[in-house]
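1. predicted model, plus sequence, below.
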Amino acid sequence: MFAHKTRMMKSQINDIDQETENHDTFLNDVINGLTQSEKTLPSKYFYNAVGDVLFQKIMHCDDYYLTRSEMDIFKNKTEQLAEPFLQNSEPFELIELGAGDGSKTKHLLQYLTDKNAPFTYSPIDISEHILSVLEDRLSQDIPELKIKPENGDYFDALKRICDRSNQRKVVLFLGSNIGNMVYEDAIAFCSKLSSMLSPKDLVLIGFDLKKDPQTILQAYNDSTGYTAQFNLNLLQRMNDELHADFELNQFVHYPTYNPQTGACKSFLISQQDQTVQLGDEEISFKKYEPIFMEVSRKFSLADIRNLAEKTGFEPISHNYDSKQWFTDVLWQVK
Ligand SMILES: C[S@@+](CC[C@H](N)C(=O)[O-])C[C@H]1O[C@@H](n2cnc3c(N)ncnc32)[C@H](O)[C@@H]1O
């Protein structure tokens, strides 16, 4: 009884330590971003419970074509996506980086389960909230599925999985999350990914392709205003969790798309000279000064090939949606 109580107390203390660490990391990261000469905020902090719900609304709105395009691939090319994963009935770990609500992945999981494929699905996400939504849905929809969610940053969580399992790995990175990294970061990310995996392991990455600039810009400036709310929610999150005092109506969402670089960038523009208190820091904003919130890069096929070549992967196959707006690319670790 005494040992049980002690264990419970230790686990509560660990939870509190973890919360304090998360709070301090969040505070340090946002202060670091907002004290740069060009102010910026790390986009991984978009995803709290409110951000998750807003992102799901974005995914369902007419202007945001990305989810529909990739869903087209997952619904209509399921066999082409899944078959290369099935190698001589050898068991594998199916790992998804930034899984979100898994609405597209579900089609792949159902196909693999119907084929009695010997795999465990390990979705990784920084949002504990979305992982529990995902786990609940999948345990209802595909009760036979073996699922082991991992909450945390991409590579911390991937390392935990690699430490616990030496089965071959198949890694999914969907939704053009790779586009949320500037070129150098995408190179560093893919290089680290290939170095943590073993030769012949597979990765399936979703890339949003370059297309009509108006179509792209509209996706990040949806008429329902969800993308604007999604960006502003990060200021609200800082108010709620870090006791900052952002006035949300003094910042306006402003997306841009550069068809030469393929970079779609979202900014929040300060509407006046203003000062915000954040921890011990006072952050000053000039009227019309931007905070760079997120990049969503668009790719040519040459860009994708180049990324694979520079980061230790060999391209195996491409699957496209019916409009050829999006591609899910299978790479093998060299
Ligand atoms: C744009 S959503 C895409 C979700 C899903 N992949 C899809 O295609 O629908 C990005 C997801 O990645 C997660 N995420 C963002 N940054 C992350 C990080 N550094 N580590 C782990 N998860 C992250 C977010 O919480 C969110 O669920």
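-> Received it, and whenever you're ready, just let me know what you need.

2. residue contacts, residue 256?
-> Counting by Cβ atoms under 8 Å, 6 or more residues apart in numbering, residue 256 makes contact with 217, 264, 265, 267. For every residue, glycine as well, the C-beta is placed using N, CA and C.

3. let me know the closest of those to the ligand.
-> residue 264 (13.2 Å; Cβ to the nearest ligand atom).

4. next step: the contacts of residue 256 restricted to helices.
-> Among the contacts of residue 256, the members found in helices (DSSP state H) are residue 217.

5. which stretches of the stretch 101-250 of the chain form helices?
-> In order along the chain, the stretch 101-250 of the chain carries the following helices (DSSP state H, counting those that start in this stretch): 105-114, 128-141, 154-164, 183-196, 213-219, 226-242.

6. what mean pLDDT does the shortest one have?
-> Yep, that's helix 213-219 we're talking about. With pLDDT averaged residue by residue, helix 213-219 scores 98.

7. ok, and for that helix, which residues are buried?
-> By neighbour count with 16 or more other Cβ atoms under 10 Å, helix 213-219 contains the buried residues 216, 218, 219.

8. out of the contacts of residue 256, which is most surrounded?
-> residue 264 (23 neighbours; other Cβ atoms under 10 Å).

9. and the residue of the stretch 101-250 of the chain nearest the ligand?
-> Checked against the ligand (Cβ to the nearest ligand atom), the nearest residue in the stretch 101-250 of the chain is residue 175, 2.2 Å away.

10. quick check: beta-bridge partners of the nearest residue to that residue once chain neighbours are set aside?
-> For residue 175, ignoring the flanking residues on the chain, the nearest one in space by Cβ to Cβ, 6 or more residues apart in numbering is residue 206 at 5.6 Å. For residue 206, the beta-bridge partners are residue 328 (DSSP bridges).

11. I'd like the numbering to begin with 24 instead of 1 from here.
-> Happy to do that; since the first residue is 24 now, the last one works out to residue 229.

12. isn't residue 229 right next to residue 349, touching?
-> Yes - counting by Cβ atoms under 8 Å, residue 349 is a contact partner of residue 229 at 6.7 Å.

13. shared neighbours, those two?
-> In terms of Cβ under 8 Å, 6+ apart, residue 229 and residue 349 are both contacted by the residues 93, 199.

14. contact partners for the closest residue to residue 313 other than its chain neighbours?
-> Here the nearest residue to residue 313 in space, its sequence neighbours aside, is residue 290; by Cβ to Cβ, 6+ apart that works out to 4.0 Å. Neighbour list for residue 290: 276, 277, 278, 279, 313, 314, 315, 316 [criterion: Cβ under 8 Å, 6+ apart].
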